[in-house]
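1. here is a sequence together with a model predicted from it:
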Amino acid sequence: MAGNLLIVFLVVTDRHLHTPMYFFLGNLSFLESCCSSTVLPNMLSNFLIREKSISMRACFVQFFTFALLGGAECYLLAMMSYDRYLAICKPLHYATIMNARMSVQLAAVSWVCGILVSTSLTMKVTELSFCGSGEIDHFFCDVIPDIRYISCSDTHSVELHSFVYACVFTFPPFILTLSSYVFIIVTILRIPSTSGRQKAFSTCSSHLTVVALYYGTLMLVYLLPRSRHLSRINLCPPLS
């Protein structure tokens, strides 16, 4: 939280950082701060007290907010990769294409897409019936992985819709990000000097690492076949 809020403060106050790259970085840091604020308070309270419970209304609010931020981050990472693509592959046209207005519009599209995916998923989940209390095997209320634990009606339709939503809202920004980095890597390899290649790669290596970690965990949780307990997902082979 401190690191993300510090980045937001520096991007806002330092005029030298009023560039598209740092504008998107500030948006990402603000988004991550909101995401941590959505999950951490209730999780920490569960660690400190014995009664680990959450109301159904609070559960839906947490899910809606988390889905909004997750959907927005997918597209924001894609916008950042597009920004790096223009900076490295189209340097002479970068200032003309990626101006302040374009940066604001791309960031706004990311947030709007997050609102759309969270609203559609939440409305679909509210069509289910919920009977009494239930126990979920999770540290926060992410309804899609835990919907079988808290609903007493058939959840296959909602799970199918959630998979479709995940594909529709995840694959377009993923393809855009992947395409951008294919062109970026090809362009970097064509740079004759070693120092030039290192400088070009250093501007996007950290973002590429974040993209790999984010989409890896996203696909692991939401696109793999459902397991009764998330803790049963074991990526390591058994010892002989």
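-> Thanks, I have the structure now.
2. what about the helices in the protein?
-> Secondary structure of the chain, counting by DSSP state H: helices at 2-13, 20-48, 56-89, 91-97, 100-125, 143-150, 156-189, 194-202, 205-222.
3. quick one: distance of the fourth one to the chain centre.
-> What separates the centre of helix 91-97 from the centre of its chain is 28 Å, taken as Cα atoms, centre = their mean, to the nearest Å.
4. try the first one
-> When C-alpha coordinates are averaged (Cα atoms, centre = their mean), helix 2-13 and its chain have centres 19 Å apart.
5. out of the helices of the chain, deepest packed?
-> Of all the helices of the chain, helix 56-89 carries the top mean neighbour count, a mean of 21, counting by mean count of other Cβ atoms under 10 Å. The way it works is simple: take the backbone N, C-alpha and C, and place the C-beta from them, glycine included.
6. now the angle between helix 20-48 and it, please.
-> Using axes from the mean of the first three to the mean of the last three Cα atoms, to 10 degrees, one finds that helix 56-89 and helix 20-48 are set 150 degrees apart in direction.
7. that older thread, of the helices of the chain, which shows the lowest average pLDDT?
-> Among those, helix 143-150 has the lowest mean pLDDT, at a mean of 65.
8. so residue 87 sits right up against residue 203, yeah?
-> Yes: applying Cβ atoms under 8 Å, one finds residue 87 in contact with residue 203, separated by 7.0 Å.
9. any common contacting residues for those two?
-> Common contacts of residue 87 and residue 203, defined by Cβ atoms under 8 Å, 6 or more residues apart in numbering, comprise residue 21.
10. adding distance to residue 135, write the helices of the chain out as TSV.
-> Converted to TSV, these look like this (distance: least, Cβ to Cβ, whole Å):
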stretch	distance to residue 135
helix 2-13	32
helix 20-48	13
helix 56-89	13
helix 91-97	52
helix 100-125	18
helix 143-150	6
helix 156-189	19
helix 194-202	47
helix 205-222	19
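11. which one of the ones you listed lies nearest to residue 136?
-> For the helices of the chain, the distance to residue 136 is smallest for helix 143-150, at 4.0 Å, taking Cβ to Cβ.
12. ok, residues contacting stretch 82-89?
-> Residues outside stretch 82-89 that contact it (Cβ under 8 Å, 6+ apart): 20-21, 24, 93-94, 97-98, 103, 106, 176, 180-181, 183-184, 187-188, 200, 203-204, 207.
13. now swap in stretch 177-188 and tell me
-> Against stretch 177-188 from outside (Cβ under 8 Å, 6+ apart): 77-78, 81-82, 84-85, 88-89, 197, 200-201, 204, 208, 211.
14. closest to residue 64 out of those?
-> Nearest member of these to residue 64, counting by Cβ to Cβ, is residue 77, at 20.8 Å.
15. so what's that closest one closest to, chain neighbours aside?
-> residue 211 (5.4 Å; Cβ to Cβ, 6 or more residues apart in numbering).
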